[in-house]
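> this one's structure only:
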């Protein structure tokens, strides 16, 4: 406990809030709280602060230990921690412990509705590879529902509402569908009369601003910051910017980045891949060309003296890949993939000139006798992909033809002796 007695403070206010004398019994406290709480419940247009005070007063006076401390030392002693008292419970939880829900019918307790979370709104956001390399800000104009300011989301001028007769306040309707003899299907769907709220509003009492809808449309411009190094599929979230609804925690607006295809570069994580085609002369004798990077810089790419580039070879440039997300001064690599383009044919003079300067052919001397024994062949050009497709289609047709044979047909088989 305490080393010294705390100063005495007001010890009558909680009794006055509940409207009971200081010697009220636990049953008197319960009856007083239930009556006052129903009258002041926010769902009935009551004062939320008054509702909170009632719950606070009842929680203290219904606990024998806290009531004794309050009677002896007053409210300040409870705040200083006497009686093991931490923070007070939620007033809606205390109310629900009495009724197990809302005594007003319909959509459950106010606490339950307050805990319901609105749906997130997801938008795809197309970005170029240049946007992801340099970073960018995109301004987007969106429409969303916001709680009506004139009626504070009640939908009526008086704040009153009635239980929907179409769904009996449940917000849902059940329809029966006949599928066949002795077969039915029950389907549940939101009530179309109250739009799933379980409440209806008198036509004369409707809020003139929202027409009883409880929400109005608002246009808002969002600035979406795409940071350097972000990835395809990455999400940018704006908390609490989705559609508002009464007694509902507002959901988020989520933008999902969709990277557009780039004609020159391919991205793999933090690295960039660039395709470049060299002529045979460039591959053998050296090359130089200018590469325009994603941020507009001009990079001079050149081979080393005497270097030969082979078909399908890769070269790398450090620190010219993608910026690393949230570490934009660090970058991956750029890989250049070389394709070598060979000439279609050479004339005899070109062949002789090349033979004179290129490494000699591998020696494979054949005698006239050996040549006479060989069968000569002819090579012809072929598109291997088209060839494989043709063979696959032919095999498929043959299998189809076999399936179409008459059921009674018998295949002739050779008897093995």
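Structure's in. What do you need? Not measured: the values here are computed from a predicted model. Residues are numbered from 1 along each chain as shown.
> When you work out contacts or count neighbours from here on, use the C-alpha atoms and nothing else.
OK.
> got any ranges where the stretch 251-400 of the chain has weak pLDDT?
The model of the stretch 251-400 of the chain has pLDDT under 70 over residues 363-366.
> What are the boundaries of the strands in it?
Under the criterion DSSP state E, counting those that start in this stretch, the stretch 251-400 of the chain carries strands at the ranges 253-259, 265-268, 271-279, 288-292, 298-302, 314-317, 323-324, 327-331, 334-341.
> what separates residue 400 from residue 387, distance-wise?
Look at residue 400 and residue 387: by CA to CA, to the nearest Å, they are 20 Å apart.
> Please apply the same query to residue 257.
Relative to residue 387, and taking CA to CA, residue 257 is found at 40 Å.
> out of those two, which sits in the more crowded spot?
residue 257 (21 against 10; other CA atoms under 10 Å).
> Where does pLDDT dip in the stretch 1-150 of the chain?
1-9, 45, 80-89, 98-115.
> Spell out, range by range, the strands that occur in it.
121-127, 136-147.
> what comes up buried for stretch 34-48?
Of the residues in stretch 34-48, 34, 36-38, 40-43 count as buried by neighbour count, 16 or more other CA atoms under 10 Å.
> between those residues, which is nearest residue 261?
Distances from residue 261 to the buried residues of stretch 34-48, taken as CA to CA, are shortest for residue 43 (53.3 Å).
> distance of the closest one from residue 247?
For residue 43, the distance to residue 247 - CA to CA - is 10 Å.
> ditto for residue 230
Following CA to CA, the distance that separates residue 230 from residue 247 is 36 Å.
> of the two, who's got more company?
Remark: of residue 230 and residue 247, residue 230 carries more neighbours, 24 against 19, as counted by other CA under 10 Å.
> wait, isn't the more buried one in contact with residue 328?
No - counting by CA atoms under 8 Å, residue 230 stays clear of residue 328, with 10.1 Å between them.
> what's the burial count for residue 367?
Per other CA under 10 Å, the neighbour tally for residue 367 reads 8.
> OK, contacts around it?
Listed by CA atoms under 8 Å, 6 or more residues apart in numbering, the contact set of residue 367 is empty.
> Residue 373 versus that one, what's the distance?
Distance from residue 367 to residue 373, by CA to CA: 10 Å.
> now do residue 17
119 Å.
> swap in residue 283?
Residue 283 is 40 Å from residue 373, by CA to CA.
> Those two: which has the busier surroundings?
Set residue 283 next to residue 373 and count neighbours by other CA under 10 Å: residue 283 wins out with 21 against 8.
> so the more buried one sits right up against residue 340, yeah?
Yes - the criterion here is CA under 8 Å, and residue 283 meets it with residue 340 at 6.7 Å.
> okay, and the common contacts of the two?
residue 310.
> Give me whichever of the strands of the stretch 251-400 of the chain is most buried.
Comparing the strands of the stretch 251-400 of the chain by mean neighbour count (mean count of other CA atoms under 10 Å), strand 323-324 ranks first with a mean of 22.
> for that one, packing partners?
For strand 323-324, the packing partners by 3 or more CA pairs under 8 Å, 6 or more residues apart in numbering; DSSP states H and E come out as strand 327-331.
> what angle sits between the strand it packs on and strand 271-279?
If you take axes from the mean of the first three to the mean of the last three CA atoms, to 10 degrees, strand 327-331 sits at 30 degrees to strand 271-279.
> residues making contact with strand 327-331?
By CA under 8 Å, 6+ apart, strand 327-331 touches 228-229, 270, 319-324.
> any idea how far residue 122 lies from residue 235?
Distance from residue 122 to residue 235, by CA to CA: 9 Å.
> intersection of neighbour lists for these two?
By CA under 8 Å, 6+ apart, the residues touching both residue 122 and residue 235 are 254-256.
> which residues in the stretch 1-150 of the chain form helices?
Applying DSSP state H, counting those that start in this stretch to the stretch 1-150 of the chain gives helices spanning 13-18, 26-40, 48-61, 64-73, 75-79, 91-99, 110-115, 129-134.
> With respect to residue 143, which of these lies nearest?
helix 110-115 (23.6 Å).
> Tell me how many other residues surround residue 194.
Neighbours of residue 194 using other CA under 10 Å come to 21.
> which element is it on?
Using DSSP states H and E, residue 194 falls within no helix or strand.
> residues near the nearest residue to it once chain neighbours are set aside, how many?
Nearest in space to residue 194, with sequence neighbours left out and distances taken as CA to CA, 6 or more residues apart in numbering, is residue 200 at 5.9 Å. Residues lying near residue 200 (other CA under 10 Å) number 21.
> now do the one 10 residues further on
By the other CA under 10 Å criterion, the neighbourhood of residue 210 contains 20 residues.
> what number of residues lie near the spatially closest residue to it that is not a sequence neighbour?
Nearest residue to residue 210 in three dimensions, chain neighbours excluded: residue 216, at 5.7 Å (CA to CA, 6+ apart). Look at residue 216: counted by other CA under 10 Å, it has 19 neighbours.
> Next: the one 4 residues further on.
The local packing count at residue 220 equals 12, with neighbours defined by other CA under 10 Å.
> Now do it against residue 243, distance only.
In terms of CA to CA, residue 220 sits 12 Å off from residue 243.
> Next, the contact list for residue 129, please.
259-262, 294.
> re earlier: quick one, which of the contacts of strand 327-331 are buried?
228-229, 270, 320-324.
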